[in-house]
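Asker: coordinates for the following, if possible.
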Amino acid sequence: MEGSRSDNSAAEASEEIIYTSVKFSPTPPPRAKSAWEKRAPCQWPAVMPGLAIGFGILSISLTIALIWKMSDSHPHCPQQWVAYRGSCYSFSKEKKDWNSSQQSCQAQGAHLLVISDDSEMDLFKSIKTECFWIGLKNSTGSVWIWEDGSILSGTKISSNSPVQHCAVLMKDIFRASSCEHNAPWICEKSLR
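Answerer: From the prediction side, this is the model:
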């Protein structure tokens, strides 16, 4: 009887088999490995600290170079010169004639003062001294021309003699003067 029982159990177990179906997607064709994938997996973590240190040193070096370059690239005036609105000004203490004053400015890479607008004139109105040579001359007898070639317009220059062909800045006005008169002068040059 025992033999029939085990036959029945085997028959019952075979009836309870469950079927499942599995679908496999098609396998993609093999691709070539890149150089990156061919590296041994342990090499990459060992390279990271070296790359991080190298990048840090490079960043610090570039920052220092940039700061140094910026500090050198800021325009500045020579010692004893005054900076104002993109120009440097030098006020002489000695006195010379107009031509010698002009040559002194040129020897310093500058020119006698050329006042280009009202705000620049406002700076010089505050100077309370006798007079300074400026880069304004009248060689034709009628037109006053600045050293940069521009013509003085809208301003009358006081003159009391036909030999006064050079201009001085006296307090806050232009005055004609003989070019041989000795006076201090103002040189001007661009910031660099």
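Asker: contact partners for residue 106?
Answerer: With contact set as Cβ atoms under 8 Å, 6 or more residues apart in numbering, residue 106 has no partners. (Each C-beta comes from the backbone N, C-alpha and C, glycine too.)
Asker: now do the SS call for it.
Answerer: Under the three-state scheme (DSSP: H, G, I helix; E, B strand; the rest coil), the conformation of residue 106 reads as helix.
Asker: tell me how far it lies from residue 150.
Answerer: 18 Å (Cβ to Cβ, to the nearest Å).
Asker: try residue 176
Answerer: Shown here: residue 176 relative to residue 150, a distance of 18 Å by Cβ to Cβ.
Asker: and for residue 156?
Answerer: Counting by Cβ to Cβ - residue 156 and residue 150 are separated by 17 Å.
Asker: residues in contact with the closest residue in space to residue 163 that isn't next to it in sequence?
Answerer: Leaving out its chain neighbours, the residue that sits closest to residue 163 by Cβ to Cβ, 6 or more residues apart in numbering is residue 178, at 5.3 Å. Going by Cβ under 8 Å, 6+ apart, residue 178 touches 161, 163, 164, 165, 166.
Asker: which one of these is nearest residue 76?
Answerer: Closest to residue 76 out of those is residue 166 (30.9 Å), distances taken as Cβ to Cβ.
Asker: beta partners of that closest one?
Answerer: Bridge pairing for residue 166 (DSSP bridges) gives the partners residue 137, residue 177.
Asker: domain map for this structure?
Answerer: Domain assignment for the chain by automatic domain parsing gives 41-73, 82-190.
Asker: will you turn the ones you listed into CSV that also has mean pLDDT?
Answerer: Below are the domains of the chain laid out as CSV (pLDDT from 0 to 100):
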stretch, mean pLDDT
domain 41-73, 61
domain 82-190, 86
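Asker: and among the ones you listed, the most buried is which?
Answerer: With neighbours taken as mean count of other Cβ atoms under 10 Å, those reach their highest mean count in domain 82-190, at a mean of 16.
Asker: now the end-to-end length of it.
Answerer: Start and end residues of domain 82-190 are separated by 11 Å (Cα to Cα, to the nearest Å).
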